[in-house]
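Peer 1: give me a model of this one.
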Amino acid sequence: METSSSSLPSPDDVAVVDVALRGRGLVACRDLPAGHVVLVDLPALLVPAPDASHGVCAACLKRLDPSKGEQPLPCPGCWSNAAKRLPVLFCSRECLDARAGRPSFHTPAVCRALQSVAFFGGDGSGGSSESDLPDADAACSLRFVVTLAALRAEAAAGAETAALFGALSPMAAPETAVARLGARELALRAGAAVASAGGGGAVQPLTPTEVGAWLAVEEANGFAALGSSSSSSPSSSVPRVRGTCFYPRAYFFNHDCLPNVARFDDLDAEGGYNGGTAAALEAAMAASAASPASSRRTALVAVTLHAVPRGEELCLSYTPLRWGRAERAGRLAACYGFACRCARCLGELEAFGGGDGSPPSFSPLDEEMAAAIGAAASWARAPGFATEAQVEEVLGAAMRLATEAAAAGASASAPSPTTTTSAAPAEIGYIRTFLAKYSCPATRKGSGGAGEGEEEEEQEEEEECGGTLAPVGPSRYQCNSCGFS
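Peer 2: Purely as a prediction, here's the structure:
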């Protein structure tokens, strides 16, 4: 397993410590310059997104491009299944051969389990029907649960699989609104897969409680594996989100709406994207005995945005920098289970009040936040996953959590354990300068649906990139999402 090859460029750069009101986090052990690579990490577990399975390698998430003469290799076990419910393809013989010996990707047990579940239409095309999962998020969650069930069935017989669970178990996260919704239904759908994974043996299925706990881990600690805009454009058949990676060190990064670290990856290894960190990545992995090209593609590289003094916590942003306070609060409450009270949130609350110019209160901040919370758990509204009353209950709980920081205000004396806090509000001028410097200004073409009465043809719309600009060389900044520099 590759978790042992995950390494820090220098063991003296950062340390894992207990951070007040945040749990464990990464803190700088010395003064770090801007553009410094503080972490290179390899996934302990990688779960491809079902709706991207037709176009990415199941082992390294590289985009499969037949136009370049690349011939994807199908998994023999999955391909022999008459239903072909979930295509499992590999970009090379190296990745195909790795499936039998690396539990963090696609073992025979996982293969059997995946083929016992109808993720999409019976032809494997990704089409939808009334009996299918409601959307890609639900399908991805089910694949994650099925993969864990299959791996657990193997764990008793294999030390390597047991070690994998050892790497994942510390990632326990508080139950969130999204994790609670649909846990029972996902547990039922995964039950048959557990039996398939265990070869028909007496394997205990995952209970709804266990599924809810793992879904919380997926929400809080899973990193969405994003293809660059250049290789996964809206016109491409491959979605930008290729899958979910679980990193044994990077999951220690806590959130801040004014982050000092940006995360890079380079799934397609095409050069320019992530090119600024390529040298650091090569140097960090050179000492590893197991660092094939497929491993390098899934590596996470964390780079400082600006100089970080010794003792300061290193944080990522769990949301796009340009999101408003309401959108950020909704996503953080629903998906991560906390109310953010970082310097930016406090500064914006101090300057703008409750969102409409009024003082903060326990009432919802505004409709934007309600929409953000609803979107985060939209898949659970499908029949069979949760009743409307259950959906409203958990969304209401998320809303109350999201408004906690506003209700308490910047002068609250005792923030709750579900609140992340900073020392003092940031000045609005500083926030605007920060966003102007580190938010990617690029836009990309997106497909917009035709309005009522318009011709039924796709219209291209400009949409913000949403990425973060980070220093990757002398006087050079690069977006970690689209590669803009």
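Peer 1: list phi and psi for Gly243.
Peer 2: Its backbone dihedrals place Gly243 at phi 170, psi -160, with angles given as degrees, to the nearest 10.
Peer 1: and it, what does it touch?
Peer 2: Counting by CB atoms under 8 Å, 6 or more residues apart in numbering, Gly243 makes contact with 46-49, 52, 56, 61, 140, 224-225. From N, CA and C alone the C-beta is placed, and that goes for glycine too.
Peer 1: now for the longest helix along the chain, which elements pack on it?
Peer 2: For the chain, the helix reaching the highest residue count under DSSP state H is reported as helix 136-155. Other helices and strands packing on helix 136-155, by 3 or more CB pairs under 8 Å, 6 or more residues apart in numbering; DSSP states H and E, are strand 45-48, helix 108-114, helix 159-168, helix 183-197, helix 208-221, strand 241-246.
Peer 1: strands paired with the last one, and their directions?
Peer 2: Sheet partners assigned to strand 241-246 using DSSP bridges are listed as strand 45-48 (antiparallel), strand 223-226 (antiparallel).
Peer 1: pretty sure Gly55 sits against Leu64.
Peer 2: Yes: taking contact to mean CB atoms under 8 Å, the distance of 5.5 Å between Gly55 and Leu64 places them in contact.
Peer 1: which of the two has more residues huddled nearby?
Peer 2: Regarding Gly55 and Leu64, a neighbour count based on other CB atoms under 10 Å identifies Gly55 as having more, with 21 against 17.
Peer 1: quick one: neighbours of the residue nearest to that one when sequence neighbours are not counted, just the number.
Peer 2: Taking CB to CB, 6 or more residues apart in numbering as the measure, Gly55 lies nearest to Val238, with 3.9 Å between them; neighbours along the chain are not counted. If you count neighbours by other CB under 10 Å, Val238 ends up with 22.
Peer 1: the one 3 residues further on too?
Peer 2: Val241 is surrounded by 17 other residues when neighbours are defined as other CB under 10 Å.
Peer 1: who is it paired with across the strands?
Peer 2: In this entry, Val241 is beta-bridged to Leu226, by DSSP bridges.
Peer 1: which residues sit in contact with it?
Peer 2: Contact criterion CB under 8 Å, 6+ apart gives 49, 52, 136, 224-226 as the residues in contact with Val241.
Peer 1: any chance of the residues you listed in CSV, with pLDDT too?
Peer 2: Listed next are the contacts of Val241 as CSV, based on pLDDT from 0 to 100:
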residue, pLDDT
Ala49, 88
Ala52, 87
Ala136, 77
Ala224, 90
Ala225, 89
Leu226, 82
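Peer 1: nearest to Pro33 among those?
Peer 2: The shortest separation between Pro33 and any of these is 26.3 Å, and it belongs to Leu226 (by CB to CB).
Peer 1: ok, the closest one touching Phe264?
Peer 2: No: assessed by CB under 8 Å, Leu226 is found out of contact with Phe264, at 10.3 Å.
Peer 1: which of the two has more neighbours?
Peer 2: When neighbours are counted by other CB under 10 Å, Phe264 comes out ahead of the other of Leu226 and Phe264, with 27 against 20.
Peer 1: please verify my assumption that the more buried one contacts Thr304.
Peer 2: No: the criterion here is CB under 8 Å, and Phe264 misses it with Thr304 at 11.9 Å.
Peer 1: thinking again about what came up before, right, and the helices and strands packed on helix 136-155 - which one's nearest Val145?
Peer 2: Closest of the helices and strands packed on helix 136-155 to Val145 is helix 183-197, at 4.7 Å (criterion: CB to CB).
Peer 1: how about Phe223, nearest residue that isn't a chain neighbour?
Peer 2: Spatial nearest neighbour of Phe223, chain neighbours left out: Cys245 (4.9 Å); criterion: CB to CB, 6+ apart.
Peer 1: still on that earlier bit, list residues touching both of Phe264 and Thr304?
Peer 2: With CB under 8 Å, 6+ apart, Phe264 and Thr304 have common neighbours Ala470.
Peer 1: excluding chain neighbours, what is closest to Pro48?
Peer 2: Setting aside the residues directly before and after it, Pro48 is nearest to Gly243 in space (CB to CB, 6+ apart), at 4.0 Å.
Peer 1: that neighbour and Glu218: what is the separation?
Peer 2: 11 Å (CB to CB, to the nearest Å).
Peer 1: confidence score at the residue nearest to Phe223?
Peer 2: In the predicted model, Cys245 carries a pLDDT score of 92.
Peer 1: and if you look at Leu148?
Peer 2: Here, the pLDDT recorded for Leu148 equals 83.
Peer 1: per-residue confidence at Ile428?
Peer 2: Listed pLDDT for Ile428 reads 93.
Peer 1: what about it, how many residues nearby?
Peer 2: Neighbour count for Ile428, taken as other CB under 10 Å: 14.
Peer 1: would you mind putting the CA coordinates of stretch 250-265 into PDB?
Peer 2: Taking Å, rounded to 0.1, in the frame of the first residue of the first chain, the C-alpha atoms of stretch 250-265 are listed here in PDB:
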ATOM      1  CA  ALA A 250      -3.800  16.000   3.900                       C
ATOM      2  CA  TYR A 251      -7.100  15.400   5.700                       C
ATOM      3  CA  PHE A 252      -5.500  17.200   8.700                       C
ATOM      4  CA  PHE A 253      -5.900  20.500   6.900                       C
ATOM      5  CA  ASN A 254      -8.600  22.500   8.500                       C
ATOM      6  CA  HIS A 255     -10.700  25.100   6.800                       C
ATOM      7  CA  ASP A 256     -10.400  28.900   6.700                       C
ATOM      8  CA  CYS A 257     -12.200  31.300   4.400                       C
ATOM      9  CA  LEU A 258      -8.800  33.100   4.000                       C
ATOM     10  CA  PRO A 259      -6.600  30.100   3.500                       C
ATOM     11  CA  ASN A 260      -2.800  30.200   3.400                       C
ATOM     12  CA  VAL A 261      -2.400  26.900   1.400                       C
ATOM     13  CA  ALA A 262      -3.700  25.800  -2.000                       C
ATOM     14  CA  ARG A 263      -3.900  22.200  -3.200                       C
ATOM     15  CA  PHE A 264      -2.700  21.100  -6.600                       C
ATOM     16  CA  ASP A 265      -3.000  17.800  -8.500                       C
END
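Peer 1: so the residue nearest to Gly55 touches Asp51, yeah?
Peer 2: No: with the criterion set as CB under 8 Å, Val238 and Asp51 do not qualify as a contacting pair; they are 9.4 Å apart.
Peer 1: who touches Arg310 in this structure?
Peer 2: Taking CB under 8 Å, 6+ apart as the definition of contact, the neighbours of Arg310 are 28-31.
Peer 1: turn these into a markdown table, columns for neighbour count, secondary structure and distance to Asp97.
Peer 2: Conversion of the contacts of Arg310 to a markdown table gives the following (neighbours: other CB atoms under 10 Å; DSSP: H, G, I helix; E, B strand; the rest coil; distance: CB to CB, whole Å):
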| residue | neighbour count | secondary structure | distance to Asp97 |
| --- | --- | --- | --- |
| Ala28 | 22 | strand | 40 |
| Cys29 | 15 | coil | 40 |
| Arg30 | 12 | coil | 42 |
| Asp31 | 12 | coil | 45 |
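Peer 1: with that, I have no additional questions.
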